[in-house]
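# Next come a sequence and a model predicted from it.
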Amino acid sequence: MTATADDTGVVARYSDRLDRYVQVGTASGRVVAVSFPRTEPADASGDNAAMDRLFAYLDGTREAFDDVTVALTVPTPQRAVLEAARKVPYGETADGVQLARMAAGLDPDDDDDRQTVQTALRENPVPVLVPDHRIEGVDGATPSAVADRLRTLETA
């Protein structure tokens with residue numbers, strides 16, 4: 001997705017499929033946050049290209065989102081986990097051990113590294129764009145009801 005430096009702000013739109021709002025925050029053309037509030041965010045306005053892409057995905061368009069620029073302001077080990085999660089293909093899943101193997105510098109047999117995987121997914125700032133709903137056995141930032149609906153969407 002091509003974005004410009006003018007793409008800055010918070011936008012939200014209601015999704016019937018998710019029965020929630022989808023909120024996207026951008027700064028300098030990078031997506032910095034995605035969330036799923038139950039009520040309409042007071043500070044959200046307008047629309048942007050990332051939101052349009054998310055809603056195309058929710059309407060059934062097969063989207064990888066690998067061309068969407070995200071700003072991952074997380075520690076390096078967590079960044080490695082989130083970048084690995086972005087590589088789990090649409091409609092497929094991985095577990096936490098597989099994700100640790102995929103993440104540069106992590107050992108899936110190390111307790112601290114397994115904790116890094118859990119922390120990274122739980123604190124994922126951009127769910128869907130970093131598809132934590134595709135990781136089984138680890139709670140991600142995507143609310144469980146939303147994650148269930150996204151998995152159902154991708155396997156339909």
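Perfect, thanks for sending it. Just so it is clear, the model here is predicted, and its values are computed rather than measured.

# need the contact list for the residue nearest to the spatial centre of the chain.
Note on the chain: the residue nearest the mean C-alpha position is Pro127, at 1.9 Å, using Cα atoms, centre = their mean. Listed by Cβ atoms under 8 Å, 6 or more residues apart in numbering, the contact partners of Pro127 are Val34, Ser35, Phe36, His133, Gly140, Ala141, Thr142, Val146. Just so you know, the C-beta spots here come from the backbone N, C-alpha and C atoms, and that holds for glycine as well.

# That one and Gly105, how far apart?
23 Å (Cβ to Cβ, to the nearest Å).

# before we move on, what about Asp59?
Applying Cβ to Cβ, one obtains 38 Å for the distance of Asp59 from Gly105.

# Spatially nearest residue to the residue nearest to the centre of the chain (excluding sequence neighbours)?
Closest residue in space to Pro127, ignoring its immediate chain neighbours: Thr142 at 4.1 Å, by Cβ to Cβ, 6 or more residues apart in numbering.

# residues in contact with Val138?
By Cβ under 8 Å, 6+ apart, the contact set of Val138 is Asp95, Gly96, Leu99, Val117, Gln118, Leu121, Arg122, Asp132.
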